[in-house]
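Could you look at this predicted model? Sequence included:
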Amino acid sequence: MATVNGEQMEVSGLNIHELLEKLEYNKNRIVVELNYEIVPKDTYDTVVLKENDIVEIVTFMGGGAYMTKSCVKNGSADLPQSASEGALHMTGGC
């Protein structure tokens, strides 16, 4: 098992590109951190995940804000009601 955006997941043996496809991420709008290090996009096909890895997938939003899927899933991200309210505002630990 590995931790992906704060959740335990069986990903051992997958490379980062395969993980992103499995989770339906657009790799053009994300940054992947593996064990607290940013992974260069040109290595997504060759970096293979293993037991106990910690993966964070950061998604960029309009206005330069960012968040992970776990922030939205656990309710710790305040999403604007309209575009006039501006970019995403983060609360809690995300």
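Yep, it's here. The model shown is predicted, which means the values in this text are computed figures rather than measured ones. Numbers count the residues shown, from 1 in each chain.

who's in contact with K22?
V11, L14 (C-beta atoms under 8 Å, 6 or more residues apart in numbering). In this view, the C-beta of every residue, glycine as well, is placed from N, C-alpha and C.

now K27: how far from I57?
K27 sits 10 Å away from I57, going by C-beta to C-beta, to the nearest Å.

what's the overlap in contacts for the two?
Joint contacts of K27 and I57 (C-beta under 8 Å, 6+ apart) are L20.

which of those two has more neighbours?
I57 (20 against 14; other C-beta atoms under 10 Å).

hang on, the more buried one is in a helix, isn't it?
No - secondary structure of I57, determined by DSSP: H, G, I helix; E, B strand; the rest coil: strand, with no helix assignment.

Isn't it up against G6?
No - counting by C-beta atoms under 8 Å, I57 does not reach G6; the two are 10.6 Å apart.

Can you show me the strands along the protein?
2-4, 7-9, 30-34, 37-38, 54-60, 66-68, 77-78, 89-90 (DSSP state E).

out of these, nearest to T46?
Distance to T46, taken as C-beta to C-beta, is lowest for strand 30-34 among these, at 12.2 Å.

quick one: contacts of the closest one?
Residues contacting strand 30-34 (C-beta under 8 Å, 6+ apart): 16, 20, 38-39, 44, 47, 49, 53-60.

Only the buried subset of those, as a ChimeraX command please.
Per 16 or more other C-beta atoms under 10 Å, the buried members of those correspond to this ChimeraX selection:
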select :16,20,44,47,49,53,55,56,57,58,59
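
Could you pull up the residues touching the residue nearest to V32 when sequence neighbours are not counted?
Excluding the flanking residues, the one nearest V32 by C-beta to C-beta, 6 or more residues apart in numbering is V39, at 4.6 Å. Residues near V39 by C-beta under 8 Å, 6+ apart: I16, V32, E33, V47.

Now do the end-to-end distance for stretch 28-43.
14 Å (C-alpha to C-alpha, to the nearest Å).
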